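Chemist: Sequence unavailable; structure follows:
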């Protein structure tokens, strides 16, 4: 595979990942996992936040590169990476948001301190709502 083709494949795979940067897959970030997938070093079942739906999506891209049926061979999340669980998703009501950025500052602080499992959100106006959803629900939700 040429460098440009490999880079495009990595980009496609990374775009399919949930971008939680959780490291549960064993890689430092979603890009690292996408690189490992593209090189054949990793299987598509190592992303608990993406869940089974994520395995399906990654496998569809990988099947054009690898001859085996990636989903059939890896149809459940690798237990070594942890279980599939709903994840928090923040929605901002633009009608209520005053642009104070306290929620962004709190999210950055949580990420810097690796407080991924804590819900420390600041919103002066109630514009920020956090719900827990499965990856499948995100893909099929209508606006």
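Modeler: That came through fine. For clarity, every value in this text was computed on a predicted model and none was experimentally measured. Numbers count the residues shown, from 1 in each chain.
Chemist: Check the burial of the residue nearest to residue 131 when sequence neighbours are not counted by counting its neighbours.
Modeler: Using Cβ to Cβ, 6 or more residues apart in numbering and skipping the chain neighbours, the partner closest in space to residue 131 is residue 89 (5.9 Å). Bear in mind the C-beta positions are built from the backbone N, C-alpha and C, glycine included. The number of residues packed around residue 89, counting by other Cβ atoms under 10 Å, is 14.
Chemist: Tell me the predicted confidence for residue 89.
Modeler: We have a pLDDT of 71 for residue 89.
Chemist: Wait, a helix at it?
Modeler: No: the assignment for residue 89, made by DSSP: H, G, I helix; E, B strand; the rest coil, is strand rather than a helix.
Chemist: Hmm, residue 129 and it touching each other?
Modeler: No: assessed by Cβ atoms under 8 Å, residue 89 is found out of contact with residue 129, at 9.3 Å.
Chemist: Look up how far residue 100 lies from residue 75.
Modeler: Remark: distance between residue 75 and residue 100 (Cβ to Cβ, to the nearest Å) = 45 Å.
Chemist: If you could redo that for residue 127, that was the one I meant.
Modeler: For residue 127, the distance to residue 100 - Cβ to Cβ - is 9 Å.
Chemist: Give me the more crowded residue out of these two.
Modeler: Shown here are residue 127 and residue 100; by other Cβ under 10 Å, residue 127 has more neighbours (17 against 13).
Chemist: Spatially, what comes nearest to the more buried one if we skip its sequence neighbours?
Modeler: Closest to residue 127 by Cβ to Cβ, 6+ apart is residue 96, at 3.6 Å.
Chemist: who touches that neighbour in this structure?
Modeler: Residue 96 makes contact with 125-127 under the criterion Cβ atoms under 8 Å, 6 or more residues apart in numbering.
Chemist: so where's the chain uncertain?
Modeler: Where the chain drops to pLDDT under 70, the residues are 1, 67-71, 87-88, 106-122, 133-143.
Chemist: Kindly recompute the last result at 80.
Modeler: Scanning the chain for pLDDT under 80 picks out 1, 64-73, 86-91, 102-124, 128-143.
Chemist: coming back round to it: can you tell me which of the contacts of residue 96 is nearest residue 65?
Modeler: residue 127 (42.6 Å; Cβ to Cβ).
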